[in-house]
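Colleague: need coordinates for the below:
(chains A and B)
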Amino acid sequence: GENVEQHPSTLSVQEGDSAVIKCTYSDSASNYFPWYKQELGKRPQLIIDIRSNVGEKKDQRIAVTLNKTAKHFSLHITETQPEDSAVYFCAASKALNRDDKIIFGKGTRLHILP
Amino acid sequence: TAGITQAPTSQILAAGRSMTLRCTQDMRHNAMYWYRQDLGLGLRLIHYSNTAGTTGKGEVPDGYSVSRANTDDFPLTLASAVPSQTSVYFCASRGDSSYNEQFFGPGTRLTVL
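Modeller: Numbers count the residues shown, from 1 in each chain, chains lettered A, B, ... in the order given. Down below sits the predicted model:
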């Protein structure tokens, strides 16, 4: 089955700097890669996703890139702000298979330093 | 719209006791999931249901059971709780269309003593 590895487990960046979180997946048939943000004491919420037919997607200060050949994808946050402090989860699934489940990485705790 | 709700919010349970965590969604999603979240281990899938009347085992199913009598409800039962089941439990649901977002409930914090 699918296995998703996520690095680093903890990341501290100065406010205003960029943060990058990297994930790899094992199943070449996976074609949908969502990213979830979980603030302290809250539920995980989808912030951005990418499908396998595109290499990059942006939404304001966040962007995701996908390299299907290498089977890795990354989350980029630019101009980080205090509200970006949270745990971020990457995930992978075969979206066109209704019975397939989303497999999550173990998460990255991002600290934005003042 | 309530979305997806869980009850209770938190619970302290004596080891050996049984407990049912409740999960209800009003989005008419066919797929529902139970995860446990432990520090450093991310979100681990316990059980899932692709549609009412069917269930399946996830990554860590031992000690847990589920049922799916209808579309809206997906309760998780611990028959005889053990301290290692201390965790935060999240229920989630997902729509049928391709690339659909998975929505999470607010979570239940369970402590087994």
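Colleague: residue contacts, the nearest residue to residue B:83 once chain neighbours are set aside?
Modeller: Leaving aside its chain neighbours, residue B:83 sits nearest to residue B:112 (4.9 Å; criterion: C-beta to C-beta, 6 or more residues apart in numbering or on different chains). For every residue, glycine as well, the C-beta is placed using N, CA and C. Residues near residue B:112 by C-beta atoms under 8 Å, 6 or more residues apart in numbering or on different chains: B:13, B:14, B:15, B:81, B:82, B:83, B:84, B:85, B:86.
Colleague: can you say which of these are buried?
Modeller: B:13, B:81, B:85, B:86 (16 or more other C-beta atoms under 10 Å in any protein chain shown).
Colleague: look up the closest residue to the second one, ignoring the ones flanking it.
Modeller: Right, residue B:81. Residue B:81 sits nearest to residue B:112 (C-beta to C-beta, 6+ apart), 4.5 Å away.
Colleague: strands along chain A, start to end?
Modeller: For chain A, the strands defined by DSSP state E cover A:4-7, A:10-14, A:19-25, A:32-38, A:45-51, A:56-59, A:62-67, A:72-77, A:86-92, A:103-104, A:108-113.
Colleague: for residue B:107, which of the ones you listed is the nearest?
Modeller: If you check each of those against residue B:107 by C-beta to C-beta, strand A:32-38 wins as the nearest, at 9.8 Å.
Colleague: what residue in chain A comes nearest to chain B?
Modeller: residue A:106 (3.7 Å; C-beta to the nearest C-beta).
Colleague: ok, that residue touching residue B:39?
Modeller: No - at 10.0 Å, residue A:106 does not count as touching residue B:39 under the criterion of C-beta atoms under 8 Å.
Colleague: looking at the two, which has the bigger crowd around it?
Modeller: residue A:106 (18 against 9; other C-beta atoms under 10 Å in any protein chain shown).
Colleague: what pairs with the nearest residue to the more buried one once chain neighbours are set aside across the strands?
Modeller: Distances taken as C-beta to C-beta, 6+ apart place residue B:42 nearest to residue A:106, at 3.7 Å, with adjacent residues excluded. Listed by DSSP bridges, the beta-bridge partners for residue B:42 are residue B:38.
Colleague: now stretch A:42-52: average pLDDT?
Modeller: Per-residue pLDDT over stretch A:42-52 has a mean of 94.
Colleague: counting by contacts, list what the worst-scoring helix or strand of chain A on mean pLDDT packs against.
Modeller: None of the helices or strands of chain A scores lower by mean pLDDT, DSSP states H and E than strand A:103-104, at a mean of 92. Strand A:103-104 is packed against strand A:86-92, with contacts defined by 3 or more C-beta pairs under 8 Å, 6 or more residues apart in numbering or on different chains; DSSP states H and E.
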